[in-house]
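Chemist: next input, structure requested:
(one chain, ligands or ions: 1)
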Amino acid sequence: MTKRMPHPSKGFRVAGLFAGIGGIEHGLHLAGHETKVLCEIEPGACAVLAKRFPGVPIHRDVCDLEALPRDIDLLTAGFPCQDLSQAGKTVGIEGTRSGLVGEVFRLLRRRPTPWVLLENVPFMLQLSRGRAMEVIVASLEHLGYRWAYRVVTTQAFGLPQRRERVYLLASLHGDPREVLFADEAGEPPPPEHSWKVANGFYWTEGVRGLGWAVDAVPTLKGGSTIGIPSPPAIVLPEGRVVTPELRDAERMQGFDPDWTSPAEDVTRKSHRWKLVGNAVTVDVARWVGERLANPSPRGALVEGTPLEGGERAWPKAAWNVGDGRFAASISKWPFQRPGTSLERFLKYPSRPLSTKATAGFLARTKTSSLRFPPGFIKKLERHLAAATKADEGRQLSLL
Ligand SMILES: C[S@@+](CC[C@H](N)C(=O)[O-])C[C@H]1O[C@@H](n2cnc3c(N)ncnc32)[C@H](O)[C@@H]1O
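Modeler: Modelled structure (predicted):
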């Protein structure tokens, strides 16, 4: 039995590390918690934080942050993923600095916070043959934390974006399962292919994964294989192929439109795509925040099987609350909140996928061994023909 968790009467005081544009902290704020300090190195993201969290001090480099303030209840960190590969290589845990996530443990060793919320990509579960994850949970256990994690999809919250992320919650006194496992709606059947709804895909791909998403966009990303952050493409039911507007992308992450506009004071507009793609979906963070304030003992009843040591790939959900590590039988869907269709969700004018982008994508498909949805290539060829004609029309009008 774990002790009931102590709750600050007025919500948790949060320290947001690697805060980006504050997806976690904004969600927690909507759930009644309060951010006391932020840490973020990137100027565009800092401009957003300064505007959206007025009066909250922003510390720049986490490596220079000596200690967290004394009264923090919850440390949050969606640390950069590439640093995990370093963590995986670390042999000793105690006293080591394994990339930037090591900075989180340095700060926790100095001044442990009652709660910790980490967020990252699901790839984290298999990175360095499971070793990266081992370093993280072993470091938490060493510091006396109980932990639980779960892969959660943004679509569970009724948003038209297929985005899965790992949320790991650790506590010194409480039971994190009562938060992360408190809600379970089960996985819905996979959506059937249909051209009657809008479908999203990565136009930057074509050779490797297509990121095909039915009635949704694939994960908005901070980067892409062509080196620039870019929106996904959408095939609309009437046949047009478009890319969504930035403000719709912000909404797909649960932010108000133009949440990232302050970044334009210090950087170019296109950089906002990267900030949005790197962020945590606000609705997911809000749910975690609401459950932190109102945990349910139901979460501790989730069934599990003991985890063997030396995992190569970790399960989609697991816990250790003091009596060993277990894989949890729970889905990525705490809810199945109904949302509007992707086509109706789009509020701002989307742009046709350019001739260059469409032609490049089609060329890549020729060398690809990917299987495409029936009729997809035909639709793109038609779009290319229409886009080329429109380009020619524009050129003629300039003569
Ligand atoms: C995956 S993003 C986190 C996104 C954030 N959770 C959100 O909702 O927007 C990781 C962030 O860590 C920041 N970062 C990288 N190195 C850092 C450092 N040394 N100190 C502080 N922040 C850093 C990056 O600029 C980036 O914004």
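
Chemist: give me the residue from the stretch 201-350 of the chain nearest the ligand.
Modeler: In the stretch 201-350 of the chain, the residue that lies nearest the ligand is residue 279 (3.4 Å; CB to the nearest ligand atom). Quick note: C-beta positions are derived from backbone N, CA and C, even for glycine.

Chemist: what is the burial count for that residue?
Modeler: By other CB atoms under 10 Å, the residues close to residue 279 number 29.

Chemist: same thing with residue 29?
Modeler: Residue 29 has 20 nearby residues by other CB under 10 Å.

Chemist: distance of the residue nearest the centre of the chain from residue 182?
Modeler: Centroid-nearest residue in the chain: residue 280, 4.2 Å away (criterion: CA atoms, centre = their mean). Relative to residue 182, residue 280 is positioned 19 Å away (CB to CB, to the nearest Å).

Chemist: gap between the residue in the stretch 1-150 of the chain that the ligand sits nearest to and residue 30?
Modeler: Distances between the stretch 1-150 of the chain and the ligand by CB to the nearest ligand atom are smallest at residue 20, namely 2.2 Å. Using CB to CB, residue 20 is found at 17 Å from residue 30.

Chemist: the more surrounded of the two?
Modeler: For the pair residue 20 and residue 30, the greater number of neighbours falls to residue 20 (27 against 16), based on other CB under 10 Å.

Chemist: which element is that one on?
Modeler: If you go by DSSP states H and E, residue 20 is not part of any helix or strand.

Chemist: circling back to that earlier point, residues contacting the residue of the stretch 201-350 of the chain closest to the ligand?
Modeler: Residue 279 is in contact with 20, 21, 22, 23, 253, 255, counting by CB atoms under 8 Å, 6 or more residues apart in numbering.

Chemist: let me have those in a markdown table, extended by distance to residue 101 and pLDDT.
Modeler: Listed next are those as a markdown table, based on distance: CB to CB, whole Å; pLDDT from 0 to 100:
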| residue | distance to residue 101 | pLDDT |
| --- | --- | --- |
| 20 | 15 | 97 |
| 21 | 20 | 98 |
| 22 | 19 | 98 |
| 23 | 18 | 98 |
| 253 | 23 | 98 |
| 255 | 25 | 98 |
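
Chemist: coming back round to it: what is the burial count for the residue lying closest to the residue of the stretch 201-350 of the chain closest to the ligand once chain neighbours are set aside?
Modeler: In this structure, residue 279 finds its nearest non-sequential neighbour in residue 23, 3.9 Å apart by CB to CB, 6 or more residues apart in numbering. By the criterion of other CB under 10 Å, residue 23 has 28 neighbours.

Chemist: pretty sure residue 23 sits against residue 281.
Modeler: Yes: if you go by CB atoms under 8 Å, residue 23 and residue 281 touch, sitting 6.4 Å apart.

Chemist: quickly list what's touching both of those two.
Modeler: 253, 254.

Chemist: interface residues of the stretch 201-350 of the chain facing the ligand?
Modeler: Within the stretch 201-350 of the chain, the positions adjacent to the ligand are 278, 279, 280 by CB under 6 Å from any ligand atom.

Chemist: the stretch 1-150 of the chain too?
Modeler: Residues of the stretch 1-150 of the chain lying near the ligand (CB under 6 Å from any ligand atom): 18-24, 39-42, 45, 61-63, 78, 80, 100.

Chemist: any idea of the pLDDT on the closest residue to residue 233 other than its chain neighbours?
Modeler: Leaving aside its chain neighbours, residue 233 sits nearest to residue 203 (4.0 Å; criterion: CB to CB, 6+ apart). Predicted confidence (pLDDT) at residue 203: the value is 87.

Chemist: list phi and psi for residue 203.
Modeler: When read as degrees, to the nearest 10, the backbone of residue 203 gives phi -70, psi -20.

Chemist: ok, so what distance separates it from residue 313?
Modeler: The gap separating residue 203 from residue 313 is 30 Å, by CB to CB.

Chemist: so the two - more neighbours on which side?
Modeler: Per other CB under 10 Å, whichever of residue 203 and residue 313 has more neighbours is residue 203, with 26 against 13.

Chemist: quick one, what contacts that one?
Modeler: By CB under 8 Å, 6+ apart, the contact list for residue 203 reads 230, 232, 233, 243, 353, 357, 358, 361.

Chemist: so the fourth one bridges to which residues?
Modeler: When you say that, I think you mean residue 243. residue 351 (DSSP bridges).

Chemist: so it touches residue 231, yeah?
Modeler: Yes: here residue 243 reaches residue 231: they are 4.3 Å apart, a contact under CB under 8 Å.
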